[in-house]
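>>> Pasted the sequence and its predicted model underneath.
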Amino acid sequence: MDKLVIIPTYNERENIVSILQAVLALAGDFHVLVVDDSSPDQTAQLVRDLSTSFPGRLFLEERKGKGGLGTAYIHGFRWALKKNYAFIFEMDADFSHNPNDLIRLYNACAFENADLAVGSRYVRGGGVVNWPFSRILLSKGASLYTRILTKMRVQDPTAGFVCYRAVVLAEINLDSIRFVGYAFQIEMKYAAWQLGFCIKEVPIIFQDRTRGSSKMNKGIIKEGVLGVWRLRKYVSTTDYRSSQSMN
């Protein structure tokens with residue numbers, strides 16, 4: 001078992017079968033874990049039905065209630081570490097992340113000395129498609145704001161298309177990750193950066209979803225804006241390093 005792609009879902013029945021088939025068709029024997037938060041639209045049932053066609057490669061974890069993106073990923077991280085996967089990916093279900101780019105993220109970690117590879121919209125060669133100008137302005141502004149406040153040299157700190165080497169997730173104290181929405185992606189990169197891991201940005205073209213509804217809301221954006229301020233204060237009093245990694 002080498003590579004696991006974690007895909008959190010909530011009401012993604014319009015996308016889930018197609019995205020899973022695309023990932024599982026890639027060369028390199030990618031496995032997929034779907035973490036579903038009790039989707040009323042029966043997303044989980046579609047995953048269960050499809051899993052019979054991919055025994056030992058497609059897995060489902062169902063959670064009660066809608067717990068948020070960050071807790072879904074952390075649930076997936078813990079599951080992946082217990083199963084001894086070496087490379088663990090974050091990916092959206094809605095095709096905003098091109099499944100083919102998983103191979104490029106993997107190569108950055110496996111062969112180019114990256115501990116954490118970020119699918120970046122804001123490095124040379126990256127970009128976005130089908131976003132209104134207001135959304136681009138918000139995203140780029142958030143990235144600049146984060147870099148100024150944290151001093152972290154990542155051009156796309158809010159990116160949600162990521163590959164981790166397992167050692168990174170094992171080293172981070174996942175209990176210390178406090179944010180669940182927009183700021184979760186920032187905090188995970190910040191924790192890895194604070195612990196001295198090498199972060200490499202891989203250019204991607206991000207395409208806005210064409211089916212289903214976005215999960216972005218004002219509360220998530222507010223968490224991101226206020227959360228960056230809190231990160232700097234928090235890290236001065238609480239280490240992100242896992243206690244197990246110090247034993």
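Structure's in. What do you need?

>>> Now Asp90, what are its backbone angles?
Wrong residue type there; residue 90 is Glu, not Asp. Main-chain dihedrals, Glu90, degrees, to the nearest 10: phi -110, psi 140.

>>> show me what contacts the residue nearest to it when sequence neighbours are not counted?
Using Cβ to Cβ, 6 or more residues apart in numbering and skipping the chain neighbours, the partner closest in space to Glu90 is Val162 (4.4 Å). (Glycine included, C-beta is placed from N, CA and C.) Counting by Cβ atoms under 8 Å, 6 or more residues apart in numbering, Val162 makes contact with 89-90, 105, 116-119, 185, 188.

>>> go on, Glu12?
Glu12 neighbours (Cβ under 8 Å, 6+ apart): 39, 41, 43, 93-94, 212.

>>> Val34 now?
Val34 makes contacts with 7-9, 16, 20, 43-44, 47, 58-61, 93, as judged by Cβ under 8 Å, 6+ apart.

>>> which stretches of this protein aren't confidently modelled?
By pLDDT under 70, the weakly predicted segments of the chain are 1, 209-227, 229, 232-238, 243-247.

>>> one step back: specify the beta-bridge partners of the residue nearest to Glu90.
Val162 has these beta-bridge partners by DSSP bridges: Glu90, Val118.

>>> residue ranges for the strands of the protein, please.
3-9, 30-36, 58-62, 87-90, 116-120, 127-129, 162-165, 199-203, 205-207 (DSSP state E).

>>> how close does the residue nearest in space to the middle of the chain get to Pro55?
Geometric centre of the chain, nearest residue: Glu90, 3.2 Å, by Cα atoms, centre = their mean. Counting by Cβ to Cβ, to the nearest Å, the separation of Glu90 from Pro55 is 24 Å.

>>> wait, isn't Asn11 in contact with Ser38?
No: here Asn11 does not reach Ser38: they are 10.0 Å apart, not a contact under Cβ atoms under 8 Å.

>>> Neighbour count: the two, which is higher?
The neighbour count for Asn11 versus Ser38, taken as other Cβ atoms under 10 Å, is higher for Asn11 (20 against 14).
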